[in-house]
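Novice: sequence-free structure coming up:
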């Protein structure tokens, strides 16, 4: 969601150095730091809207969501060496490391049915340290980039290093599109001219420079591309809201939190409109509504009250145990509207799983704390589903781990379970596979096979996982019945629920409408918060 047009001048509470124009356009009221959140800056904004509309995708049972907080979901790695020359709008070149937000450069855009060179602007710039490759070009050009960087070839975009398939990887002899060094030095103006279909230069060689990280720089532009040393280069294409706010996609996600302080008031206005049809609203689809910042700002209280008072059904998916604070409020809301609660738990409560959980999702509540949250919700008389996601190939998809986790979920009293394999959206893919290559290099080749087609695991793996968990779910009462009630120590259904299952009840997924195995499930705008629960 972009917050353009919300021009509210930052007040005197804004911290020095953080009076960024993009933040002011986002409705910045002030930026604050507090001792209890060491190292974190909260950017308090006055949001223009609260409800976000999602396209209907996959099997998701909702099209509306609310995100009271905004944070970047990944650390982008589409980077080039700081001395890489970038073509400016006036025909000169500057090193990418010297560019600043607002600089006018050359990009491309389809105009009147043809790709043409146009003036675009630098939206953001950030640095990273990543292993690098050197690309030598036939016109004498030389580029140093990360393996995730992409260039426009005659047959489409190609990654420098490992891509989703061999046809997506830059190789010797591949032709690259762009003006080339000759096109830049000739002085011929490019703006408005059509991008030639033929390659300007060919790749002479691609050399991996070793695992030692190199200092690299990347930019976000208005067109999504720029001209690097004469060839068309892709900038980061998966940056969420932070790229519009002059915040980078790495450290800033953890330390710069955007807070919609007026979200409850704005929501009440939107829910009161005659055009609102009281469709289900989901919270926790993009950022966790019960992240640490909620302890300070207490935005969920007003959101829950507004939804319940308007007669709007809602669901909450969280890994944050702070939900306990609002449990009595949610219980009251459930007397007015349908409420769904889901807790994401990807790891069993075992010493081995604890170490893995800390490595993959540091700073989140432990599996034991989340299981206790499920018990608390159930003790309050509310149904509570569990999202077992993401299931990590070769790390958490063993029979032993899944059985232990499902046993613990059943013992906690969960009313439904959805099991989902890992998704690797752009950005998330680079972050996770980078971690995997550092910590589990022996699994890299296997992941290359499972995710050979990009974001989603191969259908064969999804079907394999589905068949593996099906008997486990059924044995623990997480079949197709709507609400699971344990009978004695067995965890089996009451006979009443078995009869209901035979009649065809709703799904026993983590939230109403979700399939139990996650097959075919797609999540709009998925990022680390969604995919790495």
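Specialist: Now that the structure is in, tell me what you want to look at. Computed from a predicted model, the values in this text were never measured in an experiment.
Novice: Could you pull up the mean pLDDT of the top strand by length along the chain?
Specialist: With DSSP state E setting the assignment, residue counts place strand 114-130 as the longest strand in the chain. When pLDDT is averaged over strand 114-130, the result is 80.
Novice: Now tell me what touches the helix or strand following it from outside.
Specialist: Going down the chain from strand 114-130, the next helix or strand is strand 132-137, by DSSP states H and E. Defining contact as Cβ atoms under 8 Å, 6 or more residues apart in numbering, one finds that strand 132-137 is touched by 81, 142-147, 151, 160-161, 170, 176, 181, 201-209, 213-214, 216, 229-231. The way it works is simple: take the backbone N, C-alpha and C, and place the C-beta from them, glycine included.
Novice: Mind giving me the ChimeraX command for buried ones among those?
Specialist: Burial among the contacts of strand 132-137 is assessed by 16 or more other Cβ atoms under 10 Å; the matching ChimeraX selection reads:
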select :81,143,144,145,146,147,151,160,161,170,176,181,201,203,206,214,216,229,230,231
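Novice: Give me the subset of the contacts of strand 132-137 that lies in helices.
Specialist: Judged by DSSP state H, the contacts of strand 132-137 include residue 181 as members of helices.
Novice: Chain neighbours aside, what residue packs nearest to residue 182?
Specialist: residue 139 (6.4 Å; Cβ to Cβ, 6 or more residues apart in numbering).
Novice: Residue 333 too?
Specialist: residue 308 (3.7 Å).
Novice: Tell me the helices and strands packed up against the longest strand of the chain.
Specialist: strand 104-111, strand 214-221 (3 or more Cβ pairs under 8 Å, 6 or more residues apart in numbering; DSSP states H and E).
Novice: Could you list the buried residues of the first one?
Specialist: Right, strand 104-111. Neighbour counts using 16+ other Cβ under 10 Å place 105, 106, 107, 108, 109 of strand 104-111 among the buried residues.
Novice: In this structure residue 153 contacts residue 175, no?
Specialist: Yes - with contact defined as Cβ atoms under 8 Å, residue 153 counts as touching residue 175 (6.3 Å).
Novice: what touches both of the two?
Specialist: Common neighbours of residue 153 and residue 175, using Cβ under 8 Å, 6+ apart, are residue 199.
Novice: more crowded one of the two?
Specialist: Neighbour count, other Cβ atoms under 10 Å: between residue 153 and residue 175, residue 153 has more, with 21 against 15.
Novice: Find the nearest non-adjacent residue to that one, please.
Specialist: Here the residue nearest residue 153, using Cβ to Cβ, 6+ apart, is residue 174, at 5.1 Å.
Novice: ok now do the one you found, which residues does it touch?
Specialist: 153, 154, 158, 202, 203.
Novice: which of these lies closest to residue 440?
Specialist: residue 158 (26.9 Å; Cβ to Cβ).
Novice: what about the closest one, distance to residue 318?
Specialist: 39 Å (Cβ to Cβ, to the nearest Å).
Novice: quick one, which of the two is more surrounded?
Specialist: Using other Cβ under 10 Å as the criterion, residue 158 and residue 318 rank with residue 318 on top: 24 against 21.
Novice: Show the contacting residues for the more buried one.
Specialist: Counting by Cβ under 8 Å, 6+ apart, residue 318 has contacts 284, 288, 289, 290, 342, 343, 344.
Novice: excluding its backbone neighbours, what's nearest it?
Specialist: Of all residues not flanking residue 318 in the chain, residue 290 sits nearest, at 4.5 Å (Cβ to Cβ, 6+ apart).
Novice: Am I right that the one you found is in a helix?
Specialist: No - assessed by DSSP: H, G, I helix; E, B strand; the rest coil, residue 290 does not belong to a helix; its assignment is coil.
Novice: Just give the number of residues close to it.
Specialist: Residues contacting residue 290 under the criterion other Cβ under 10 Å number 25.
Novice: Ok, the one 4 residues further on next?
Specialist: When neighbours are counted by other Cβ under 10 Å, residue 294 registers 22.
Novice: That one against residue 300, yeah?
Specialist: Yes - counting by Cβ under 8 Å, residue 294 touches residue 300, with 5.9 Å between them.
Novice: mind listing the helices for the stretch 401-533 of the chain?
Specialist: Secondary structure of the stretch 401-533 of the chain by DSSP state H, counting those that start in this stretch: the helices cover 428-439, 444-450, 459-475, 495-503, 528-531.
Novice: List the buried residues for the longest one?
Specialist: Translated: helix 459-475. Residues of helix 459-475 classed as buried by neighbour count (16+ other Cβ under 10 Å): 461, 462, 464, 465, 466, 468, 469, 472, 473, 475.
Novice: if I read this right, residue 143 contacts residue 227, doesn't it?
Specialist: No - using Cβ under 8 Å, residue 143 is not in contact with residue 227; the gap is 11.7 Å.
Novice: Do me a favour and average the pLDDT over stretch 383-390.
Specialist: Mean predicted lDDT for stretch 383-390 stands at 92.
Novice: hmm, I was thinking of stretch 205-214
Specialist: Mean per-residue pLDDT for stretch 205-214: 88.
Novice: now do the same end-to-end measure for it.
Specialist: Length of stretch 205-214, first residue to last, Cα to Cα, to the nearest Å: 19 Å.
Novice: what's the spacing between it and its chain's center?
Specialist: The chain centre lies 28 Å from the centre of stretch 205-214; the measure is Cα atoms, centre = their mean, to the nearest Å.
Novice: do the same with stretch 111-121
Specialist: 29 Å.
Novice: buried sites along that stretch?
Specialist: Neighbour-count burial for stretch 111-121 [16+ other Cβ under 10 Å]: 115, 116, 117, 118, 119, 120, 121.
Novice: again with stretch 323-340
Specialist: 323, 326, 327, 330, 333, 334, 337, 339, 340.
Novice: Among the residues you listed, which one lies nearest to residue 192?
Specialist: Nearest to residue 192 among those is residue 340, at 53.0 Å by Cβ to Cβ.
Novice: Just after the helix or strand encompassing that closest one, pick out the following helix or strand.
Specialist: Secondary structure assignment for residue 340, by DSSP H and E: strand 339-344. Downstream of strand 339-344, the first helix or strand assigned by DSSP H and E is helix 351-360.
Novice: what angle sits between that following helix and helix 428-439?
Specialist: Angle of helix 351-360 versus helix 428-439, following axes from the mean of the first three to the mean of the last three Cα atoms, to 10 degrees, is 120 degrees.
Novice: other SSEs contacting whatever helix or strand comes next after helix 351-360?
Specialist: Counting by DSSP H and E, the element after helix 351-360 in chain order, helix or strand, is helix 367-379. Judged by 3+ Cβ pairs under 8 Å, 6+ apart, the packing partners of helix 367-379 are strand 339-344, helix 351-360, helix 399-412.
Novice: Return every residue with contacts to both of residue 294 and residue 300.
Specialist: Listed as contacting both residue 294 and residue 300 by Cβ under 8 Å, 6+ apart are residue 68.
Novice: Look up which residues are beta-bridged to residue 421.
Specialist: Note on residue 421: beta-bridge partners by DSSP bridges are residue 391.
Novice: and it, what pLDDT?
Specialist: Looking at residue 421, its pLDDT reads 92.
Novice: Repeat that for residue 355.
Specialist: Looking at residue 355, its pLDDT stands at 86.
Novice: I'd like the distance from it to residue 395, if you could.
Specialist: Distance, residue 355 to residue 395, using Cβ to Cβ: 11 Å.
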